[in-house]
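Novice: Here is my input; please provide its structure:
(4 chains)
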2 protein chains.
Amino acid sequence: MDSFSVPEVVVLRLPLYVRALSQLRDGGTDVVSSQQLGSLLQMTPAQIRKDLSYFGRFGKQGRGYNVRFLLHELREILGLDREWRACLIGVGRLGHAIINYPGFSPEGFKIVAAFDGDSDQVGTSIGGFKVRPMEDLAEVVNEMKISIGIVAVPASQAQEVIEKLIENKVKGILNYAPVAPQVPMNTVIRNIDPVLSLQSMTFYLR
Amino acid sequence: MDSFSVPEVVVLRLPLYVRALSQLRDGGTDVVSSQQLGSLLQMTPAQIRKDLSYFGRFGKQGRGYNVRFLLHELREILGLDREWRACLIGVGRLGHAIINYPGFSPEGFKIVAAFDGDSDQVGTSIGGFKVRPMEDLAEVVNEMKISIGIVAVPASQAQEVIEKLIENKVKGILNYAPVAPQVPMNTVIRNIDPVLSLQSMTFYLR
DNA sequence: ATAACTTTGTGAATGTAATCACTACTTAAA
DNA sequence: TTTAAGTAGTGATTACATTCACAAAGTTAT
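Specialist: Below you'll find the predicted structure:
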């Protein structure tokens, strides 16, 4: 079950299952079929079963999946059974919104440090901690065991910042800058880019 | 060239080309080959040529593509040659960040109204206009010719808000709430969900 | 017990997307 | 003018993803 033997599209869907299962559990559902899960997520039961089959056999014929059990297994597969520490780079308007976003922490993603290249920002307080200069990155990433970098700098500085993160062994990057960054194979990058989303949407609205 | 004959993945990539071409133009480049564009965007030249071939023949053998011409054509294909008016639903922290985000407007996406279901928020000022109650939605969408709804309400209210938008003929939805909304076929929805992005990232970081 | 349902897991089949490889053309150099 | 190098556009091919369809197993009703 190494990472490369599982299609990436499948991995992208697992968090959807995790979220749906969490809701079902909170709603008091004990058992769910691929059928039900499928109608909840608007996908075919066969796809759900096939996706899960890459990782093991979690269901029971004639019955379905135990919600809590499957949820636990999927969280473990995704590595969500532990806390992930992240640092934020760029504390402008967007950076502020990110650090105050309440959705990360309950899912185990903790932002534990903030950096900015602009010396006017350094030293100001944000979300409970002081903004540090970029020069401190190596030290802080190492000491705080940070494995994820969240990039919220202007497009013009994004590639440079991302390279600096990679230099310091940060292997996961959540990029909010509107660019298509170049990263080595062993780095995982996810881009959050609402403008691109809108620009593909309008094709269908014309 | 109706929308359905073009694979959706292709449409999702067109904005990437638009962005790269804009940069090239700003940098003074007149002509670009699929080779160069490919290395800029980390994709194969063949894929770029094939993608473009769904819409027409824009290049010149032995030479490449005229940057300004291709950019113009792609913007037209995507419907980016006009202004798109959007309304924001939900003016909490996230809503504020969205309305103050400077990236939409230069690309032709204008937020022209804001709504909130919470009566405490209604009437307050944000980004230059007053927050309106949800009851005004029908009227405002109609009068201001709003075609896109940006949803920034808590997960628990998202589905309801989305249905209300659709009822009022809003055909495009940019959803920031962490849910998998159910929408009819003729509605285009794009989800912005950084937590999902992180949760699939960790699979590769474990 | 038995029969009628239900549901998983999975090879096989189908459908979709990416890449290859070649022709036709363009440009620039010899 | 001729030759060599470069490039778009595109059928054919290969690779990848989804769906089908069915055996095996569990569940519920009688």
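Novice: Note down every partner strand of the strand ranked longest in chain A and its orientation.
Specialist: The longest strand of chain A (DSSP state E) is strand A:109-116. When sheet partners are counted by DSSP bridges, strand A:109-116 sits next to strand A:84-89 (parallel), strand A:129-133 (parallel).
Novice: Out of those, flag the one nearest A:Ala155.
Specialist: strand A:84-89 (13.4 Å; Cβ to Cβ). Just so you know, the C-beta spots here come from the backbone N, C-alpha and C atoms, and that holds for glycine as well.
Novice: So what touches the helix or strand following that closest one?
Specialist: Using DSSP states H and E, the helix or strand that follows strand A:84-89 towards the C-terminus is helix A:93-100. Contacting residues not belonging to helix A:93-100 are listed as A:88-89, A:91, A:111, A:114, A:116, A:126-127, A:150, A:152, A:176, B:93-94, B:96-97, B:100-101 [Cβ atoms under 8 Å, 6 or more residues apart in numbering or on different chains].
Novice: What residues of helix A:93-100 count as buried?
Specialist: Neighbour-count burial for helix A:93-100 flags A:Leu94, A:Gly95, A:His96, A:Ala97, A:Ile98, A:Ile99 (criterion: 16 or more other Cβ atoms under 10 Å in any protein chain shown).
Novice: List the contacts of the residue in chain A sticking out farthest from the centre.
Specialist: Centroid-distance maximum for chain A: A:Gly62 at 34.5 Å, with Cα atoms, centre = their mean. If you count contacts by Cβ under 8 Å, 6+ apart, A:Gly62 has none.
Novice: any idea how far it lies from A:Val32?
Specialist: In this structure, A:Gly62 and A:Val32 are 14 Å apart, going by Cβ to Cβ, to the nearest Å.
Novice: Turn the buried residues of helix A:93-100 into a markdown table, columns for pLDDT and distance to B:Ser156.
Specialist: Output for these, formatted as a markdown table (pLDDT from 0 to 100; distance: Cβ to Cβ, whole Å):
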| residue | pLDDT | distance to B:Ser156 |
| --- | --- | --- |
| A:Leu94 | 96 | 25 |
| A:Gly95 | 97 | 27 |
| A:His96 | 96 | 25 |
| A:Ala97 | 95 | 21 |
| A:Ile98 | 97 | 22 |
| A:Ile99 | 97 | 23 |
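Novice: which among those residues gets closest to DNA strand D?
Specialist: Comparing the buried residues of helix A:93-100 against DNA strand D with Cβ to the nearest atom of the strand places A:Ile98 closest, at 29.7 Å.
Novice: list the contacts for A:Lys145?
Specialist: Contacts of A:Lys145 by Cβ under 8 Å, 6+ apart are A:Arg85.
Novice: How about the secondary structure of it?
Specialist: coil (DSSP: H, G, I helix; E, B strand; the rest coil).
Novice: One more: A:Glu76?
Specialist: Strictly by three-state DSSP, A:Glu76 counts as helix.
Novice: Enumerate the residues of chain A near DNA strand C.
Specialist: For chain A, the contact set with DNA strand C under Cβ under 7 Å from any atom of the strand comprises A:33-35, A:45-46, A:49-50, A:52-53, A:57-65.
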